[in-house]
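[1] What follows is a predicted protein model with its sequence.
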Amino acid sequence: MSEHSTDLREVVRRRYAAAAVQVTEGGTGCCGPQPAGTDDTFDDDIFGSALYTADERGTLPAEAVAASLGCGNPTAVAELREGDRVLDLGSGGGIDVLLSARRVGPTGRAYGLDMTDEMLQLALANAEKAGATNVEFLKGAIEAIPLPADTVDVVISNCVINLSVDKPAVFAETFRVLKPGGRLGVSDVVADDSLTSGQRAERGDYVGCIAGALSFTEYREGLEAAGFTDVGITPTHPVADGMHSALVRATKPPTGPDRAPLA
């Protein structure tokens, strides 16, 4: 990993560690578009807990709701089933893990993966408050998932893949840990194909979930290069000019090689 990538990952880690501390102290987290170098701005109709139903929010600890930093609701489209094993990449305060745990039931299991100690501590506290016993939180990077191959039925994520400095590794690792026939269902920020990387950066910074976003074509080609099929990317609402929150679905084929090599 280059020095720039390492520095950028540390900036992301510090941003979300601070968000966790803010929630723990009674505030709310934040994400969203902001011109580079400016103060944070936050629109809860674009990012955050307002993207979940009132019924979903009502079943969770207030801290899990307050820590929601995503751009969508992946659990609403992930087609979770009783007994599924589901992994949330960049699980933050645990909102999607706890919702998934309810959907998969006592015979299923929900894993949350996060690189930030402060978020992991918050998620564990939220799981205890929720009385969730079929959850497990793991420390690690989404580019190197600490689970064996063919472990989970579903991988979800909420506005986190755009923050990765090595997206091909994320796609390859996701493919590896999914069982044959497993499903990917994530919310993420995606850019119009017409926008250059510089134009994306003009619309918001990297840690604000904007500058690091892939285009629609880049996202599709990245997933297909990792071995995924049935890739579908559906925009749901705008987050900046030419930038969209989108639902991304894909499938690991039921047969074939267990993972695609990194390019």
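    Thanks, I have the structure now.
[2] Please count neighbours and contacts with C-alpha atoms only from this point.
    OK.
[3] Report the mean per-residue pLDDT for the helix or strand where G112 lies.
    Secondary structure from DSSP states H and E places G112 in strand 109-114. The pLDDT scores in strand 109-114 average 96.
[4] Which strands or helices does that strand pack on?
    strand 85-89, helix 95-104, strand 135-139 (3 or more C-alpha pairs under 8 Å, 6 or more residues apart in numbering; DSSP states H and E).
[5] Can you get me the start-to-end distance on stretch 123-140?
    The first and final residues of stretch 123-140 sit 14 Å from each other (C-alpha to C-alpha, to the nearest Å).
[6] quick one: contacts of it?
    Counting contacts by C-alpha atoms under 8 Å, 6 or more residues apart in numbering, the residues outside stretch 123-140 that touch it are 60-61, 63-64, 92-94, 97-98, 101, 105-106, 108-117, 120, 146.
[7] quick one: strands adjacent to the strand holding G112?
    Strand pairing for strand 109-114, using DSSP bridges, gives strand 85-89 (parallel), strand 135-139 (parallel).
[8] Run the angle between it and helix 95-104 for me.
    With axes from the mean of the first three to the mean of the last three C-alpha atoms, to 10 degrees as the basis, strand 109-114 and helix 95-104 are set at 170 degrees to each other.
[9] And strand 109-114, what's buried?
    Neighbour-count burial for strand 109-114 flags R109, A110, Y111, G112, L113, D114 (criterion: 16 or more other C-alpha atoms under 10 Å).
[10] what stretches of the stretch 151-263 of the chain score poorly on pLDDT?
    205-209, 256-263 (pLDDT under 70).
[11] switch to 80 and redo it
    Applying pLDDT under 80 to the stretch 151-263 of the chain flags residues 204-211, 255-263.
[12] in it, which spans are strands?
    With strands called from DSSP state E, counting those that start in this stretch, the stretch 151-263 of the chain shows them at 152-158, 178-191, 214-215, 229-240, 243-251.
[13] Make CSV out of those and add mean neighbour count.
    Listed next are the strands of the stretch 151-263 of the chain as CSV, based on neighbours: other C-alpha atoms under 10 Å:
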stretch, mean neighbour count
strand 152-158, 26
strand 178-191, 26
strand 214-215, 24
strand 229-240, 16
strand 243-251, 24
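[14] Let's have those strands in CSV, adding distance to S164.
    Listed next are these as CSV, based on distance: least, C-alpha to C-alpha, whole Å:
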stretch, distance to S164
strand 152-158, 12
strand 178-191, 12
strand 214-215, 11
strand 229-240, 19
strand 243-251, 16
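[15] Please name whichever of these is nearest to V165.
    strand 214-215 (11.3 Å; C-alpha to C-alpha).
[16] and the closest one, which strands flank it?
    When DSSP bridges is applied, strand 214-215 pairs with strand 178-191 (parallel).
[17] re the thing from before, please pick the buried ones from the contacts of stretch 123-140.
    The neighbour count (16+ other C-alpha under 10 Å) marks 60-61, 63-64, 92-94, 97-98, 101, 105, 108-117, 120 as buried among these.
[18] about what we covered before: greatest separation within the buried residues of strand 109-114: which pair is it?
    Farthest pair in the buried residues of strand 109-114, by C-alpha to C-alpha: R109 and D114, 16.6 Å.
[19] Tell me the spacing between L178 and G131.
    With the distance defined as C-alpha to C-alpha, L178 ends up 27 Å from G131.
[20] distance of A132 from G182?
    When distance is defined by C-alpha to C-alpha, A132 is 24 Å away from G182.
[21] Flag every buried residue along the helix or strand encompassing A123.
    In the assignment (DSSP H and E), A123 maps to helix 117-130. For helix 117-130, the neighbour count (16+ other C-alpha under 10 Å) marks D117, E118, M119, L120, Q121, L122, A123, L124, A125, N126, A127 as buried.
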